[in-house]
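**Q** based on what follows, work out the 3D shape:
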Amino acid sequence: MSDTIFPAGPVHLRQGSSIGQPLTRRDGVLKVTGQADFAADHHPDGMLYAVIAHSRIARGRVVSLDLDAARAHPGVVAVMTPKNRPALALDPDAKFHPFMFRMDLLQNDRVRYPHQAIAVVIAETFEAATEGAALLAPHYESEPARVGLDGAEVFVPATVGVGNPSRTEIGDVIAGLAQAAHRIEAVYETDTQYHNPMEPHAIVAHWDGDKLHIDTPSQGMAMAQGRIGGLFGISPENIHIRSPFLGGGFGSKGMFSGPMVLGILAARLVGRPVKLVLKREQMYGPVGHRAPSRQTIRMGADREGRLTAIEVHARTASSTFDDFFEAPADVAHTLYACPAIATSHEAVRLDTGTPLFMRAPGEAPGSIALESAIDEMALACGIDPLAFRLINYAEFEPISGRPFSSKALRECYDQGAARFGWADRPMAARQMRDADGMLVGWGMGTATFPALMFAAKARAVLRRDGHGVMETGAHDMGQGAWTAFAQIAADSLGLDLGAIEFKAGSSDLPDAGIAGGSAHTATVGAAIHDAGAGVIAKLADLAMADPRSLLHGAGNVGVIARNGRLHRRDDESRSESYGEILARAGLDAIDATGSGTMDPAAQQHYAMHAHGAVFAEVKVDPMLGQIRVTRLVGAFAAGRIINPHLVRSQYYGGMIWGASFTLHEHAIIDRRSGRPLNADLGEYHIPVNADIPSIEAILVDEHDPFVNALGIKGVGEIAITGTAGAIANAVWHATGIRVRQFPIALERMLG
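**A** Modelled structure (predicted):
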C-alpha cells in the first residue's frame, strides 16, 4: 500500500457545500479501533531493532565503549560507532541553506549536548538492543557545561526567526518614553520547553539496492526526501516515505532529525530492515526544543492611555554548533498602535541540542511577556485592561503601516468579553473570593499569529462512475487535515463528500509542502481547490464543445458544478452528469493538477494575521499559593472556517498549551552537568483534564478576500498566544503578585 486512502462512504450533510460543516474526523474510527498504522507499527520481514546509546554528559568526548560486552550479548547483531558507521555523501555538519540543520551522526567522538547519540546497538529484539546499549558502559572526558542565559558570551545574531533582522525600529523610542506620562520597565523570563508528542520519533528503514523505503512520522516528506538524498548521495525519487498518521509533532517532526538518519544508517550497515524508536528521555536533545528567553520591556503611555513607545529587548539561546534563534520581541510589531517601536535580540550558545520550531515559535514566549506588560501599563494608567487595548487598537500593522487583509479583533474582544462577563471585573487586585475562600482573578490577553502559506500541489480525478479522487502528500498530526481536505475536495469537484476518495500520507503523491506555521490547511487546501477547478474546467470544455450535450454553446454564460452534475448558469434545468459527459467522450476519467501558494502582490500590500482575545479565570489558595485555571473563554477570527468542529478542537489545544506554558511546562536543567533532570512525562509537567475544567472557543465570522483563494487562515497556534498572558494576568488580579518568570511556580509566587 503506497498511500493512505480514506474511501468514499455515507456522509450526512446539510444542504449545499461541505465546507463549513462540523463533520467528525474521517480517520477517527481507524484511530479509536487501532486500525491506524503509525510508523512504529510496521514490521517488515527480517526486521531488526536499533537502540541509541546516548551521552550522559553535556560537553566533552567519549573515551571508550565496552564494545566486546555489547557484541557478546545474545541477540545483538552489530554495534554502530564512529569507526564503522557507513559513509555519507555529505558532512552532517555541512549547511547550505537556513533550513538545513547540522546533525550528530557518529561523525566523531565529540559530545555537544546531553542525550546525543554516541552509538547504536542493533539486535534481533528490542530487549537485546536495549541491554546491549546498557553494556557499552561509556567513559568520558567531560568539560564544564555552558548552561542558562548567563552561561556563555552574549552576541547579536545576524537574523532571528525565519530570516528576520535581529533589530527593527520605527519612530523615536527614547523621545516617546521621555514624553510619556506613564512608564513601565520590567523583565520577563520563559524557561526551556521540549516537544512532547505522544508518539516519539520513530523510523522503520529498508534498503532495496539504492532505493530506500521509510515509515516515519513527518511534517514534511518532500523536505525529508531532499535531506536524506543529499546525505546518502541518492536521488530523492528513490526514497519512498510513508507517513499517514502522526501522533503529534508541534514542529519537532518538521525537519528530518539525526536519530532518524541513524536508523537508515543502521539498516545499511546490517543489510536488513531496521526499526528505531526514541525513548522518551531521548526526545530531550536531538529533535529540537524551545529555547529560554529573557525579555526586557520598556513602555510609555500618555495621560489618555495612548502608547507613546514600546521597546522590547530579548535574549535567547542556540546550540554551540548551529543557528536557530527565536524572535520573541517581534510580537510587538503587529499588535498595538504606537508611533515608536524598537525590538532587538541577542543570544548565547549553550551545550544543548539545537532549538527548533516549537508551536508558535517566537510568538508564544513573546506574547506572554508583551501581554503581561500591556496589563501592567493599563494598571499604571488606571484603565481597564480591555479598554486600554481598545484605546491602542491598531487599524494598520504598526511596524509596516500596511493595512490588514482582514481584522475582526474588535469583534473578538466584544464577543469574548460578553461571554466571559468581563464587565463585572473589579479594577483592583485581590477583590474576589469564592465560597471556599479561594482568591479569584480575571485576566485577558490578545491573540495573534501570522496567516502563512507555503507551496503545495494536488491532483484531482473525476471518474465515469461519478466518484472523485484527490491526491496530495499531505500530513495529519491529529488536527483533522484528512477531513478538512476532503471537504475542500468535495466542494471543488461539486460532489458529495461521500463520493470523494482522498489519498494522502505518502511521498509518491504530489508534494504537499510542510505541515507547520498553521499554514497546512491554507496551503494544501488552495492546491486542492485549484486541482478541482482545473478538472471541472476540462469537463466543462468537453461538454460545451460537444453538439450532443445540453451544455453545448454555454461558454458565454458558463456552468456550475453541483452534486455530480454540470448546470448552465442561465438555465440550471439544463444539466448533465459527469458520467454522461465522460461516457460520450469515450473517457473513463479526467484529471488535472493544482498548486497552492500565496499571492506575492497581496502579501506585499497587506499585513496578514489571525486574531483573537482570551479571557481567563483562576483561583488561588491564599494559604498555599496553589493556582488553578477554572475558566477559559477565547474568541478568534481566522478567516473562512472549513470545519467548525475541528477548528474548535484546535483552539482548545492551543488554549490548553497556553495554560501549560504559564503554569506547568519547563525543563529543569542541572547547572553542574547541563542535563535535563525531568526528561520524562512524570516530571515534565503538562496539564491533565483536572487542570482545565472549563474551556470555550467562539468562532468569530471573518471574510478575507486577499489572504488566499479560499480565505483561510491558520488556527493551530494562535490560541497559545492569547491564553498564556491572560492566565498570568489573572494570577496578578487574584493575588496582587506580579510574577514575571514562567511558568509561575509556587516558589516564584513566594518571591
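
**Q** for whichever strand or helix holds residue 186, packing partners?
**A** Using DSSP states H and E, residue 186 sits within strand 182-190. With contacts defined as 3 or more C-beta pairs under 8 Å, 6 or more residues apart in numbering; DSSP states H and E, the packing partners of strand 182-190 are strand 293-301, helix 363-381, strand 741-742. (Glycine included, C-beta is placed from N, CA and C.)

**Q** now render these as a markdown table, adding distance to residue 462 and mean neighbour count.
**A** Listed next are the helices and strands packed on strand 182-190 as a markdown table, based on distance: least, C-beta to C-beta, whole Å; neighbours: other C-beta atoms under 10 Å:
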| stretch | distance to residue 462 | mean neighbour count |
| --- | --- | --- |
| strand 293-301 | 51 | 24 |
| helix 363-381 | 41 | 26 |
| strand 741-742 | 53 | 20 |
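
**Q** looking at those, which is nearest to residue 503?
**A** When the helices and strands packed on strand 182-190 are ranked by proximity to residue 503, the top entry is helix 363-381, at 33.3 Å, counting by C-beta to C-beta.

**Q** angle of that closest one against strand 293-301?
**A** Here helix 363-381 points in a direction 30 degrees away from that of strand 293-301 (axes from the mean of the first three to the mean of the last three C-alpha atoms, to 10 degrees).

**Q** helix 363-381 vs strand 182-190, what angle?
**A** In terms of direction (the same axes, to 10 degrees), helix 363-381 departs from strand 182-190 by 150 degrees.

**Q** ok, residues contacting the helix or strand following helix 363-381?
**A** Using DSSP H and E, the helix or strand that follows helix 363-381 in sequence is helix 385-391. With contacts defined as C-beta atoms under 8 Å, 6 or more residues apart in numbering, helix 385-391 is touched by 304-306, 336, 374-375, 377-379, 381, 383, 410, 413, 417, 422, 443-444, 446, 729.

**Q** got a list of contacts for the helix or strand following helix 385-391?
**A** Next helix or strand after helix 385-391 toward the C-terminus (DSSP H and E): helix 409-420. Residues outside helix 409-420 that contact it (C-beta under 8 Å, 6+ apart): 386, 389-390, 393, 422-423, 442, 444, 446-447, 611-615, 617, 631, 633-637, 696, 698, 700-702.

**Q** mind giving me the packing neighbours of whatever helix or strand comes next after helix 409-420?
**A** Once the chain leaves helix 409-420, the next helix or strand it forms, by DSSP H and E, is strand 432-433. Under the contact definition 3+ C-beta pairs under 8 Å, 6+ apart, strand 432-433 sits against strand 439-450.

**Q** paired strands for the helix or strand just after the strand it packs on, with orientation please.
**A** As assigned by DSSP H and E, the chain's next helix or strand after strand 439-450 is strand 456-463. If you go by DSSP bridges, strand 456-463 pairs up with strand 468-471 (antiparallel), strand 589-596 (antiparallel).

**Q** could you dump those strands to TSV with mean neighbour count, distance to residue 331 and mean pLDDT?
**A** Listed next are those as TSV, based on neighbours: other C-beta atoms under 10 Å; distance: least, C-beta to C-beta, whole Å; pLDDT from 0 to 100:
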stretch	mean neighbour count	distance to residue 331	mean pLDDT
strand 468-471	26	37	98
strand 589-596	19	27	97
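
**Q** of all these, which lies closest to residue 195?
**A** Of the strands paired with strand 456-463, nearest to residue 195 by C-beta to C-beta is strand 589-596, at 26.7 Å.

**Q** distance from that closest one to the middle of the chain?
**A** How far strand 589-596 lies from its chain's middle: 28 Å, per C-alpha atoms, centre = their mean, to the nearest Å.

**Q** check what contacts it and list those residues.
**A** Residues outside strand 589-596 that contact it (C-beta under 8 Å, 6+ apart): 453, 455-464, 510, 522-535, 537-539, 542, 582, 708.

**Q** which of these are buried?
**A** The neighbour-count criterion (16 or more other C-beta atoms under 10 Å) marks 453, 455-464, 510, 522-535, 539, 542, 582, 708 among these as buried.
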